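Chemist: Turn this into a model:
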Amino acid sequence: MNMTGKLERLQQACSGVKMRCQEPLAEHTSFRIGGPADLMLFPPSEEELAQILRACQRLELKPVILGAGTNVLAPDEGLRGAVVCTRDCLTGMERRGETEIAVKSGVTLAKAAMYAYELGLTGLEFAQGIPGTVGGGVYMNAGAYGGEIRQVAVSTTVLLPDGTEKTFAAEAQAFSYRHSAFMETDCVITRTVFRLTPGDRTAIKARMKELADRRCASQPLELPSAGSTFKRPVGGYAAALIQQAGLKGFRVGGAAISEKHAGFVVNCGGATAQDVLSLMEQVQQRVYDHSGIRLEPEVRILTNPEV
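Modeler: As a prediction, this is how the structure comes out:
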């Protein structure tokens with residue numbers, strides 16, 4: 001069965017789920033880059049998500065999972081097959097006991113941080129300015145200003161490709177720098193339990209404001225980007241290495257190294273995925289030539305499978 005036939009079968013099997021054909025990925029990524037997805041589905045609950053996964057497994061389709069699209073670069077030609085978008089779909093938060101909150105994967109990290117603040121719980125302040133979803137943040141062990149998801153995530157529940165549920169607790173989540181066990185599987189994160197600490201709401205709010213002010217002062221929030229483009233290398237910082245190589249403002253097409261923060265590649269207007277990829281490759285080479293350090297991408301680069 002060809003791709004068109006498989007997608008028609010998927011639409012029939014999941015007829016009750018909201019979906020769109022030829023949906024522009026540029027409208028679902030913070031880079032504002034990317035061609036159309038053949039079929040994008042928006043499951044409102046774990047039950048509908050499980051239904052989609054089971055249908056995809058029967059049809060031998062491997063769906064691309066997209067949250068808020070804040071750490072991804074989508075291809076100019078779009079994505080063949082099915083894309084499942086969880087942002088604003090798998091939502092909901094609840095308190096569990098005195099210090100834990102359970103948050104579904106489609107909730108933004110910023111909303112989760114605000115929920116913790118409202119409950120007088122400290123530990124998620126670092127996440128207040130991270131625009132991605134909880135699912136995406138857990139997937140890559142997102143972090144900022146000394147905080148990381150691994151410091152507070154005690155368990156994560158996922159759906160396997162056959163639609164069954166599994167929970168990874170404690171060390172089974174295998175967190176490390178910008179990595180988790182979920183990167184090594186085809187599972188889809190549905191919710192995470194965070195263990196926090198009782199704190200003073202005034203102090204929590206002040207810390208969140210401090211971090212927000214620091215972000216506004218140092219990051220190019222006024223332009224589309226995918227956040228930090230490269231991972232932090234051992235013994236250094238990507239932004240410093242890029243700046244030392246004289247690359248601030250370096251541009252390829254509509255993509256450029258930010259003048260405000262050299263760790264960000266920004267879309268100055270009309271940038272293509274190819275512009276960004278070419279820019280990244282040239283930056284990697286010039287930083288390596290200058291320092292001997294090879295930068296690794298932090299942004300998730302989506303590609304189509306080879307036919």
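Chemist: Counting neighbours, what do you get for the residue nearest to Gly135 when sequence neighbours are not counted?
Modeler: Nearest non-adjacent residue to Gly135, counting by Cβ to Cβ, 6 or more residues apart in numbering: Ser105, 3.0 Å away. Placement of C-beta: from N, CA and C, glycine included. For Ser105, the count of nearby residues is 29 (other Cβ atoms under 10 Å).
Chemist: quick one: Ser105 and Gly132 touch, right?
Modeler: No. Taking contacts as Cβ atoms under 8 Å, Ser105 lies outside contact range of Gly132: 10.6 Å.
Chemist: Helices along the stretch 101-250 of the chain, start to end?
Modeler: In the stretch 101-250 of the chain, the segments counted as helices under DSSP state H, counting those that start in this stretch are 109-118, 134-140, 201-218, 238-244.
Chemist: Packed most tightly, which of the ones you listed would that be?
Modeler: Across the helices of the stretch 101-250 of the chain, the average number of neighbours (mean count of other Cβ atoms under 10 Å) peaks for helix 134-140, which reaches a mean of 28.
Chemist: Ala142 versus the closest residue to Asn304 other than its chain neighbours, what's the distance?
Modeler: Nearest residue to Asn304, sequence neighbours excluded (Cβ to Cβ, 6+ apart): Arg80, at 5.2 Å. Distance check for Arg80 against Ala142: by Cβ to Cβ, to the nearest Å, it reads 28 Å.
Chemist: More neighbours: the two, which one.
Modeler: Ala142 (26 against 18).
Chemist: doesn't Glu148 make contact with that one?
Modeler: Yes. With contact defined as Cβ under 8 Å, Ala142 counts as touching Glu148 (7.3 Å).
Chemist: Where do the strands of the stretch 1-150 of the chain begin and end?
Modeler: Taking DSSP state E, counting those that start in this stretch, the strands of the stretch 1-150 of the chain run over residues 18-24, 36-42, 64-66, 72-73, 79-85, 93-96, 100-104, 121-122, 143-144, 147-148.
Chemist: ok, and the helix or strand in this protein with the lowest average confidence?
Modeler: Counting by mean pLDDT, DSSP states H and E, the weakest-scoring helix or strand in the chain turns out to be strand 143-144, with a mean of 91.
Chemist: what residues does that one touch?
Modeler: Phe126, Ala127, Gly129, Ile130, Ile149, Arg178, Leu211 (Cβ atoms under 8 Å, 6 or more residues apart in numbering).
Chemist: again, but for stretch 152-165
Modeler: 46, 49-51, 53-54, 56-57, 100, 123-124, 138, 166-170, 173, 175, 182, 185-196.
Chemist: just the buried members of the residues you listed?
Modeler: Buried members of these, counted by 16 or more other Cβ atoms under 10 Å: 46, 49-51, 53-54, 56-57, 100, 123-124, 138, 168, 173, 175, 182, 187-196.
Chemist: What's the separation between Asp275 and Gly69?
Modeler: The spacing between Asp275 and Gly69, counted by Cβ to Cβ, is 18 Å.
Chemist: out of these two, which sits in the busier spot?
Modeler: Taking other Cβ under 10 Å, Asp275 and Gly69 do not tie; Gly69 has more neighbours (27 against 21).
Chemist: Check the contact between the more buried one and Thr29; I expect there is one.
Modeler: Yes. With contacts counted by Cβ under 8 Å, Gly69 reaches Thr29, the gap being 3.7 Å.
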